[in-house]
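Asks: what's the 3D shape of this:
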Amino acid sequence: MEKENLQLVTDLRHELHTHPELSYGEVWTRQRLINFLKEHTPNLEIIDEGKKYFYAAYRAGEGKKNIAFRADFDALPIPETIDIPWGSTIPGVAHKCGHDGHSSSLAGFALEVDQKGADHNIFFLFQHAEETAQGAIEAQEILQKEKIDEIYGFHNMPGIPLKTVSIIDGTAHFASRGMSIKMIGLPSHASEPEKGINPSYAIAKIIGAIPKFTSSENNEGLVLCTIIQIDVGSENYGIAAHSGALKMTIRAEIEDELNQLQKKLEDFAKQLGEAQGIKVSFQYNDIFPETVNTKECSDIVRNVCTKKRLAWEELPKPYRASEDFGEYLKQVKGSYFYVGSGENHPGLHTLDYDFPDEIIETVVEVYKGISGTKS
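Replies: Numbers count the residues shown, from 1 in each chain. The predicted structure follows:
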(Lines give C-alpha, C1' and ligand atoms only; values in the text may rest on other atoms or scores of the structure.)
Protein backbone atom coordinates (compact mmCIF):
# COMPACT_ATOMS: atom_id res chain seq x y z
CA MET A 1 0.00 0.00 0.00
CA GLU A 2 1.30 3.46 -0.88
CA LYS A 3 2.55 5.35 2.19
CA GLU A 4 0.61 8.48 1.29
CA ASN A 5 -2.60 6.49 1.01
CA LEU A 6 -1.96 4.76 4.33
CA GLN A 7 -1.43 8.10 6.07
CA LEU A 8 -4.58 9.55 4.51
CA VAL A 9 -6.82 6.74 5.70
CA THR A 10 -5.16 6.54 9.12
CA ASP A 11 -6.02 10.21 9.57
CA LEU A 12 -9.53 9.44 8.31
CA ARG A 13 -9.85 6.64 10.88
CA HIS A 14 -8.94 9.03 13.69
CA GLU A 15 -11.42 11.58 12.38
CA LEU A 16 -14.23 9.01 12.25
CA HIS A 17 -13.35 7.88 15.75
CA THR A 18 -13.65 11.44 17.02
CA HIS A 19 -17.21 11.74 15.63
CA PRO A 20 -18.96 8.41 16.39
CA GLU A 21 -22.64 7.96 15.60
CA LEU A 22 -25.09 5.24 16.58
CA SER A 23 -27.01 3.02 14.16
CA TYR A 24 -29.41 4.99 11.95
CA GLY A 25 -27.85 8.23 13.12
CA GLU A 26 -24.69 8.04 11.01
CA VAL A 27 -25.32 11.31 9.15
CA TRP A 28 -21.92 12.99 9.64
CA THR A 29 -20.01 9.72 9.23
CA ARG A 30 -21.70 8.84 5.95
CA GLN A 31 -21.13 12.29 4.47
CA ARG A 32 -17.51 12.42 5.60
CA LEU A 33 -16.79 9.13 3.84
CA ILE A 34 -18.52 10.34 0.67
CA ASN A 35 -16.55 13.58 0.74
CA PHE A 36 -13.31 11.69 1.25
CA LEU A 37 -13.93 9.53 -1.81
CA LYS A 38 -15.03 12.48 -3.92
CA GLU A 39 -11.81 14.29 -3.04
CA HIS A 40 -9.36 11.41 -3.40
CA THR A 41 -10.84 8.90 -5.90
CA PRO A 42 -11.75 10.84 -9.08
CA ASN A 43 -11.92 7.68 -11.21
CA LEU A 44 -14.56 5.97 -9.07
CA GLU A 45 -18.30 6.36 -9.50
CA ILE A 46 -20.01 7.24 -6.21
CA ILE A 47 -23.59 6.02 -5.97
CA ASP A 48 -25.41 8.14 -3.39
CA GLU A 49 -29.16 7.59 -3.62
CA GLY A 50 -29.99 9.29 -0.33
CA LYS A 51 -30.25 5.99 1.55
CA LYS A 52 -28.55 5.17 4.83
CA TYR A 53 -25.79 3.30 3.03
CA PHE A 54 -23.85 4.25 -0.12
CA TYR A 55 -21.31 2.65 -2.42
CA ALA A 56 -18.65 3.45 -4.97
CA ALA A 57 -17.80 1.54 -8.10
CA TYR A 58 -14.79 0.83 -10.28
CA ARG A 59 -15.97 -0.57 -13.60
CA ALA A 60 -13.31 -2.54 -15.46
CA GLY A 61 -15.69 -3.46 -18.27
CA GLU A 62 -18.24 -5.93 -19.56
CA GLY A 63 -17.57 -9.61 -18.97
CA LYS A 64 -15.55 -8.96 -15.82
CA LYS A 65 -16.45 -10.45 -12.43
CA ASN A 66 -18.47 -8.15 -10.13
CA ILE A 67 -16.94 -8.23 -6.65
CA ALA A 68 -18.23 -6.27 -3.66
CA PHE A 69 -16.35 -5.37 -0.48
CA ARG A 70 -18.33 -4.20 2.53
CA ALA A 71 -17.48 -2.08 5.60
CA ASP A 72 -19.77 -0.94 8.40
CA PHE A 73 -19.60 2.51 10.02
CA ASP A 74 -21.89 2.70 13.09
CA ALA A 75 -20.61 3.09 16.67
CA LEU A 76 -21.76 1.84 20.08
CA PRO A 77 -23.43 3.41 23.14
CA ILE A 78 -20.24 2.97 25.18
CA PRO A 79 -18.35 5.96 26.66
CA GLU A 80 -14.78 6.81 25.74
CA THR A 81 -12.65 6.37 28.86
CA ILE A 82 -9.17 5.90 27.43
CA ASP A 83 -6.85 8.84 26.78
CA ILE A 84 -6.14 8.97 23.04
CA PRO A 85 -5.61 12.04 20.83
CA TRP A 86 -8.53 11.02 18.59
CA GLY A 87 -10.92 10.22 21.44
CA SER A 88 -14.68 10.46 20.97
CA THR A 89 -16.18 13.92 21.33
CA ILE A 90 -19.71 12.52 21.68
CA PRO A 91 -20.67 11.70 25.31
CA GLY A 92 -21.59 8.07 25.83
CA VAL A 93 -20.80 7.03 22.25
CA ALA A 94 -17.58 5.54 20.86
CA HIS A 95 -16.22 3.26 18.14
CA LYS A 96 -15.66 0.30 20.46
CA CYS A 97 -16.10 -2.32 17.75
CA GLY A 98 -13.69 -0.87 15.21
CA HIS A 99 -16.12 0.10 12.48
CA ASP A 100 -14.14 3.31 12.05
CA GLY A 101 -11.20 1.10 11.07
CA HIS A 102 -13.32 -1.09 8.82
CA SER A 103 -14.53 1.90 6.80
CA SER A 104 -11.10 3.51 6.69
CA SER A 105 -9.58 0.25 5.41
CA LEU A 106 -12.17 0.07 2.64
CA ALA A 107 -11.47 3.71 1.79
CA GLY A 108 -7.76 2.86 1.61
CA PHE A 109 -8.54 0.02 -0.79
CA ALA A 110 -10.59 2.45 -2.88
CA LEU A 111 -7.59 4.78 -3.13
CA GLU A 112 -5.39 1.96 -4.42
CA VAL A 113 -7.94 0.78 -6.99
CA ASP A 114 -8.57 4.34 -8.16
CA GLN A 115 -4.86 4.87 -8.75
CA LYS A 116 -3.85 1.44 -10.08
CA GLY A 117 -6.97 -0.18 -11.48
CA ALA A 118 -8.22 -3.74 -10.93
CA ASP A 119 -8.90 -6.88 -12.95
CA HIS A 120 -12.58 -6.95 -11.99
CA ASN A 121 -15.53 -4.61 -11.47
CA ILE A 122 -15.20 -3.55 -7.84
CA PHE A 123 -17.96 -2.20 -5.58
CA PHE A 124 -17.09 -0.51 -2.30
CA LEU A 125 -20.12 -0.82 0.00
CA PHE A 126 -20.24 1.42 3.08
CA GLN A 127 -23.03 0.12 5.33
CA HIS A 128 -24.94 1.60 8.24
CA ALA A 129 -26.51 -0.07 11.29
CA GLU A 130 -24.58 -3.31 11.62
CA GLU A 131 -25.01 -3.35 15.39
CA THR A 132 -28.82 -3.58 15.09
CA ALA A 133 -28.75 -6.22 12.32
CA GLN A 134 -30.74 -3.96 9.99
CA GLY A 135 -28.09 -2.38 7.79
CA ALA A 136 -27.30 -5.43 5.67
CA ILE A 137 -31.00 -6.19 5.21
CA GLU A 138 -31.39 -2.81 3.51
CA ALA A 139 -28.05 -2.63 1.70
CA GLN A 140 -28.25 -6.11 0.20
CA GLU A 141 -30.39 -4.71 -2.60
CA ILE A 142 -27.21 -3.71 -4.42
CA LEU A 143 -26.37 -7.40 -4.91
CA GLN A 144 -29.13 -7.72 -7.49
CA LYS A 145 -28.87 -4.18 -8.80
CA GLU A 146 -25.17 -4.55 -9.64
CA LYS A 147 -25.32 -8.31 -10.29
CA ILE A 148 -22.66 -9.03 -7.67
CA ASP A 149 -20.88 -12.38 -8.10
CA GLU A 150 -18.93 -12.40 -4.82
CA ILE A 151 -18.75 -10.32 -1.65
CA TYR A 152 -16.01 -10.01 0.98
CA GLY A 153 -15.63 -8.31 4.32
CA PHE A 154 -13.47 -8.44 7.43
CA HIS A 155 -13.57 -7.77 11.14
CA ASN A 156 -10.67 -6.80 13.34
CA MET A 157 -10.34 -9.43 16.06
CA PRO A 158 -8.61 -9.20 19.43
CA GLY A 159 -7.09 -12.50 20.52
CA ILE A 160 -5.55 -13.17 17.11
CA PRO A 161 -1.87 -12.17 16.61
CA LEU A 162 -1.47 -8.66 15.22
CA LYS A 163 -1.84 -8.50 11.41
CA THR A 164 -2.56 -12.24 11.15
CA VAL A 165 -5.46 -13.14 8.86
CA SER A 166 -7.84 -15.79 10.15
CA ILE A 167 -10.28 -17.62 7.88
CA ILE A 168 -12.81 -20.43 8.09
CA ASP A 169 -15.02 -22.44 5.71
CA GLY A 170 -18.73 -22.72 6.43
CA THR A 171 -20.22 -21.12 9.53
CA ALA A 172 -18.22 -18.13 10.76
CA HIS A 173 -20.81 -16.55 13.09
CA PHE A 174 -23.79 -17.93 14.99
CA ALA A 175 -27.34 -16.81 14.23
CA SER A 176 -29.06 -14.97 17.08
CA ARG A 177 -32.07 -12.90 18.03
CA GLY A 178 -33.48 -11.13 21.05
CA MET A 179 -36.67 -12.82 22.26
CA SER A 180 -39.19 -11.40 24.74
CA ILE A 181 -42.04 -13.47 26.15
CA LYS A 182 -44.73 -11.23 27.64
CA MET A 183 -47.30 -12.77 29.98
CA ILE A 184 -50.37 -10.98 31.38
CA GLY A 185 -52.62 -12.47 34.05
CA LEU A 186 -55.06 -10.82 36.48
CA PRO A 187 -54.32 -8.56 39.48
CA SER A 188 -55.47 -9.33 43.00
CA HIS A 189 -54.84 -8.08 46.52
CA ALA A 190 -51.62 -9.50 47.88
CA SER A 191 -53.64 -11.06 50.74
CA GLU A 192 -55.78 -13.00 48.26
CA PRO A 193 -53.39 -14.28 45.59
CA GLU A 194 -55.80 -17.12 44.72
CA LYS A 195 -58.18 -14.56 43.19
CA GLY A 196 -55.63 -13.36 40.64
CA ILE A 197 -53.47 -14.93 37.97
CA ASN A 198 -49.77 -14.54 38.62
CA PRO A 199 -47.46 -15.28 35.65
CA SER A 200 -44.38 -15.66 37.86
CA TYR A 201 -44.78 -19.41 38.12
CA ALA A 202 -45.19 -19.85 34.34
CA ILE A 203 -42.10 -17.75 33.71
CA ALA A 204 -40.20 -19.85 36.24
CA LYS A 205 -41.22 -23.01 34.40
CA ILE A 206 -40.00 -21.60 31.10
CA ILE A 207 -36.64 -20.80 32.70
CA GLY A 208 -36.51 -24.30 34.10
CA ALA A 209 -37.09 -25.79 30.65
CA ILE A 210 -34.24 -23.91 28.95
CA PRO A 211 -31.46 -26.43 29.81
CA LYS A 212 -33.45 -29.23 28.16
CA PHE A 213 -34.21 -27.17 25.05
CA THR A 214 -30.54 -26.19 24.60
CA SER A 215 -29.03 -29.52 25.61
CA SER A 216 -26.36 -31.00 23.35
CA GLU A 217 -28.37 -34.22 23.41
CA ASN A 218 -31.18 -32.47 21.54
CA ASN A 219 -29.11 -30.38 19.13
CA GLU A 220 -26.43 -31.04 16.55
CA GLY A 221 -24.61 -27.73 17.03
CA LEU A 222 -24.14 -25.44 20.01
CA VAL A 223 -27.42 -23.78 21.10
CA LEU A 224 -27.53 -21.04 23.73
CA CYS A 225 -30.27 -19.19 25.56
CA THR A 226 -29.03 -16.28 27.67
CA ILE A 227 -31.47 -14.61 30.05
CA ILE A 228 -31.13 -10.83 29.73
CA GLN A 229 -33.92 -9.64 32.02
CA ILE A 230 -36.77 -10.96 34.16
CA ASP A 231 -39.36 -8.26 34.76
CA VAL A 232 -42.36 -9.42 36.81
CA GLY A 233 -44.82 -7.34 38.83
CA SER A 234 -43.96 -4.07 40.55
CA GLU A 235 -42.64 -2.91 43.91
CA ASN A 236 -46.10 -2.61 45.43
CA TYR A 237 -46.51 -4.96 48.35
CA GLY A 238 -50.31 -4.83 48.31
CA ILE A 239 -50.72 -6.14 44.77
CA ALA A 240 -49.86 -9.63 43.54
CA ALA A 241 -47.79 -9.71 40.36
CA HIS A 242 -50.05 -10.01 37.32
CA SER A 243 -47.81 -9.18 34.34
CA GLY A 244 -44.25 -9.88 33.40
CA ALA A 245 -41.73 -10.47 30.65
CA LEU A 246 -38.86 -12.87 30.18
CA LYS A 247 -36.20 -11.40 27.88
CA MET A 248 -33.51 -13.56 26.35
CA THR A 249 -30.93 -13.74 23.60
CA ILE A 250 -31.27 -17.04 21.79
CA ARG A 251 -28.31 -18.15 19.70
CA ALA A 252 -27.28 -21.17 17.65
CA GLU A 253 -24.46 -22.39 15.45
CA ILE A 254 -27.04 -23.75 13.00
CA GLU A 255 -29.85 -21.35 12.11
CA ASP A 256 -32.44 -24.14 11.76
CA GLU A 257 -31.77 -25.11 15.37
CA LEU A 258 -32.26 -21.50 16.43
CA ASN A 259 -35.67 -21.60 14.76
CA GLN A 260 -36.44 -24.87 16.56
CA LEU A 261 -35.46 -23.34 19.91
CA GLN A 262 -37.72 -20.37 19.28
CA LYS A 263 -40.64 -22.67 18.44
CA LYS A 264 -40.09 -24.79 21.55
CA LEU A 265 -40.09 -21.69 23.76
CA GLU A 266 -43.17 -20.29 22.04
CA ASP A 267 -45.11 -23.57 22.21
CA PHE A 268 -44.27 -24.11 25.88
CA ALA A 269 -45.22 -20.53 26.79
CA LYS A 270 -48.54 -20.85 24.92
CA GLN A 271 -49.23 -24.17 26.63
CA LEU A 272 -48.66 -22.64 30.07
CA GLY A 273 -50.74 -19.62 29.13
CA GLU A 274 -53.70 -21.71 28.05
CA ALA A 275 -53.53 -23.84 31.18
CA GLN A 276 -53.34 -20.87 33.56
CA GLY A 277 -55.44 -18.25 31.76
CA ILE A 278 -52.47 -16.03 30.89
CA LYS A 279 -52.28 -13.91 27.75
CA VAL A 280 -49.00 -14.61 25.98
CA SER A 281 -47.26 -12.57 23.29
CA PHE A 282 -43.80 -12.50 21.75
CA GLN A 283 -41.46 -9.79 20.49
CA TYR A 284 -38.17 -10.09 18.58
CA ASN A 285 -35.24 -7.68 18.20
CA ASP A 286 -31.72 -7.68 16.73
CA ILE A 287 -32.33 -10.62 14.40
CA PHE A 288 -29.00 -11.81 12.98
CA PRO A 289 -28.65 -14.66 10.46
CA GLU A 290 -25.91 -17.25 10.52
CA THR A 291 -22.84 -16.14 8.56
CA VAL A 292 -21.74 -18.99 6.29
CA ASN A 293 -18.60 -18.60 4.17
CA THR A 294 -18.24 -20.14 0.71
CA LYS A 295 -15.18 -22.41 0.67
CA GLU A 296 -14.24 -21.27 -2.83
CA CYS A 297 -14.05 -17.66 -1.61
CA SER A 298 -12.28 -18.52 1.64
CA ASP A 299 -9.69 -20.35 -0.49
CA ILE A 300 -9.17 -17.14 -2.49
CA VAL A 301 -8.35 -15.34 0.77
CA ARG A 302 -5.93 -18.12 1.76
CA ASN A 303 -4.22 -18.05 -1.61
CA VAL A 304 -3.85 -14.26 -1.54
CA CYS A 305 -2.24 -14.41 1.90
CA THR A 306 0.12 -17.16 0.82
CA LYS A 307 1.10 -15.35 -2.38
CA LYS A 308 1.68 -12.04 -0.59
CA ARG A 309 3.41 -13.77 2.33
CA LEU A 310 0.92 -12.43 4.83
CA ALA A 311 0.60 -14.37 8.08
CA TRP A 312 -2.62 -16.38 8.18
CA GLU A 313 -4.23 -19.19 10.14
CA GLU A 314 -7.38 -21.27 10.23
CA LEU A 315 -10.11 -20.10 12.58
CA PRO A 316 -10.68 -23.24 14.69
CA LYS A 317 -14.39 -22.66 15.32
CA PRO A 318 -17.08 -20.09 14.52
CA TYR A 319 -17.66 -17.06 16.73
CA ARG A 320 -20.71 -17.15 18.95
CA ALA A 321 -21.25 -13.42 18.41
CA SER A 322 -23.42 -12.59 15.40
CA GLU A 323 -22.75 -10.51 12.29
CA ASP A 324 -25.21 -9.16 9.72
CA PHE A 325 -22.79 -9.93 6.87
CA GLY A 326 -24.64 -13.24 6.75
CA GLU A 327 -27.50 -11.49 4.95
CA TYR A 328 -25.27 -11.01 1.92
CA LEU A 329 -23.99 -14.58 2.03
CA LYS A 330 -27.54 -15.88 1.78
CA GLN A 331 -27.71 -14.22 -1.64
CA VAL A 332 -24.25 -14.61 -3.21
CA LYS A 333 -20.93 -16.36 -2.71
CA GLY A 334 -18.41 -14.73 -0.43
CA SER A 335 -16.24 -14.87 2.64
CA TYR A 336 -15.88 -12.97 5.89
CA PHE A 337 -12.40 -13.09 7.40
CA TYR A 338 -10.59 -11.62 10.40
CA VAL A 339 -7.41 -9.64 10.91
CA GLY A 340 -5.77 -9.93 14.31
CA SER A 341 -5.69 -6.90 16.60
CA GLY A 342 -3.20 -8.61 18.89
CA GLU A 343 -3.41 -11.51 21.31
CA ASN A 344 -3.62 -9.19 24.33
CA HIS A 345 -5.57 -6.38 22.69
CA PRO A 346 -8.66 -5.23 24.66
CA GLY A 347 -11.83 -7.03 23.60
CA LEU A 348 -14.50 -5.70 21.28
CA HIS A 349 -17.28 -3.69 22.98
CA THR A 350 -15.07 -2.94 26.01
CA LEU A 351 -14.02 0.41 27.48
CA ASP A 352 -10.31 -0.03 26.70
CA TYR A 353 -10.73 -1.02 23.06
CA ASP A 354 -9.44 1.03 20.11
CA PHE A 355 -8.93 -0.14 16.51
CA PRO A 356 -5.23 -0.78 15.77
CA ASP A 357 -4.11 1.34 12.82
CA GLU A 358 -1.35 -1.19 12.05
CA ILE A 359 -3.78 -3.64 10.47
CA ILE A 360 -5.19 -1.27 7.82
CA GLU A 361 -2.41 -2.10 5.37
CA THR A 362 -2.92 -5.85 5.85
CA VAL A 363 -6.63 -5.54 5.04
CA VAL A 364 -5.95 -3.42 1.96
CA GLU A 365 -3.37 -5.91 0.67
CA VAL A 366 -5.81 -8.83 1.04
CA TYR A 367 -8.51 -6.85 -0.77
CA LYS A 368 -6.06 -5.91 -3.53
CA GLY A 369 -5.15 -9.55 -3.97
CA ILE A 370 -8.80 -10.61 -4.27
CA SER A 371 -9.57 -7.83 -6.75
CA GLY A 372 -6.45 -8.17 -8.89
CA THR A 373 -5.22 -4.66 -8.04
CA LYS A 374 -1.57 -4.12 -8.89
CA SER A 375 0.82 -3.74 -5.97
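Asks: for the rest of this, base every contact and every neighbour count on C-alpha atoms.
Replies: Noted.
Asks: just the helices in this structure please.
Replies: For the chain, the helices defined by DSSP state H cover 3-18, 27-40, 99-116, 135-139, 141-145, 200-214, 255-276, 295-308, 326-329, 360-371.
Asks: mean confidence score for the first one?
Replies: Meaning helix 3-18. The predicted model assigns helix 3-18 a mean pLDDT of 98.
Asks: ok so, going back, how about the helices of the chain in JSON lines, adding distance to residue 71?
Replies: Output for those, formatted as JSON lines (distance: least, CA to CA, whole Å):
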{"stretch": "helix 3-18", "distance to residue 71": "13"}
{"stretch": "helix 27-40", "distance to residue 71": "11"}
{"stretch": "helix 99-116", "distance to residue 71": "5"}
{"stretch": "helix 135-139", "distance to residue 71": "10"}
{"stretch": "helix 141-145", "distance to residue 71": "14"}
{"stretch": "helix 200-214", "distance to residue 71": "33"}
{"stretch": "helix 255-276", "distance to residue 71": "24"}
{"stretch": "helix 295-308", "distance to residue 71": "17"}
{"stretch": "helix 326-329", "distance to residue 71": "12"}
{"stretch": "helix 360-371", "distance to residue 71": "11"}
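Asks: of all the ones you listed, which one is nearest residue 87?
Replies: Residue 87 lies closest to helix 3-18 among the helices of the chain, at 5.3 Å (CA to CA).
Asks: buried residues, the closest one. List them.
Replies: Using 16 or more other CA atoms under 10 Å as the burial criterion, the residues of helix 3-18 that qualify are 5, 6, 8, 9, 10, 12, 13, 14, 15, 16, 17, 18.
Asks: also stretch 159-176?
Replies: For stretch 159-176, by 16+ other CA under 10 Å, it's 160-176.
Asks: endpoints of it, how far apart?
Replies: Start and end residues of stretch 159-176 are separated by 22 Å (CA to CA, to the nearest Å).
Asks: which strand residues bridge the spatially closest residue to residue 146 that is not a sequence neighbour?
Replies: Closest residue to residue 146 apart from its sequence neighbours, by CA to CA, 6 or more residues apart in numbering: residue 66 at 7.6 Å. Beta-bridge pairing of residue 66 under DSSP bridges involves residue 121.
Asks: right, and residue 66 touches residue 120 too?
Replies: Yes. Residue 66 lies in contact with residue 120 (CA atoms under 8 Å); the separation is 6.3 Å.
Asks: more neighbours, those two?
Replies: Taking residue 66 and residue 120 together and counting by other CA atoms under 10 Å, residue 66 has the greater number of neighbours (23 against 20).
Asks: OK, contacts around that one?
Replies: Residue 66 is in contact with 120, 121, 122, 123, 146, 147, 148, 149, 150, counting by CA atoms under 8 Å, 6 or more residues apart in numbering.
Asks: same question, residue 280
Replies: When contacts are counted by CA under 8 Å, 6+ apart, residue 280 touches 181, 182, 183, 184, 269, 270, 273.
Asks: residue 281: which of these is nearest?
Replies: Distances from residue 281 to the contacts of residue 280, taken by CA to CA, are shortest for residue 182, at 5.2 Å.
Asks: tally of neighbours for the closest residue to residue 18 other than its chain neighbours?
Replies: Ranked by CA to CA, 6+ apart and with sequence neighbours excluded, the top spatial neighbour of residue 18 is residue 88, at 4.2 Å. Other residues near residue 88 number 24, with proximity taken as other CA under 10 Å.
Asks: verify the stated contact: residue 88 with residue 100.
Replies: No. Using CA under 8 Å, residue 88 is not in contact with residue 100, being 11.4 Å away.
Asks: between those two, what contacts are shared?
Replies: Here residue 88 and residue 100 have residue 17 as joint contacts, going by CA under 8 Å, 6+ apart.
Asks: please report how far residue 78 lies from residue 350.
Replies: Distance, residue 78 to residue 350, by CA to CA: 8 Å.
Asks: what does residue 193 give?
Replies: Residue 193 is 45 Å from residue 350, by CA to CA.
Asks: same question, residue 297
Replies: For residue 297, the distance to residue 350 - CA to CA - is 31 Å.
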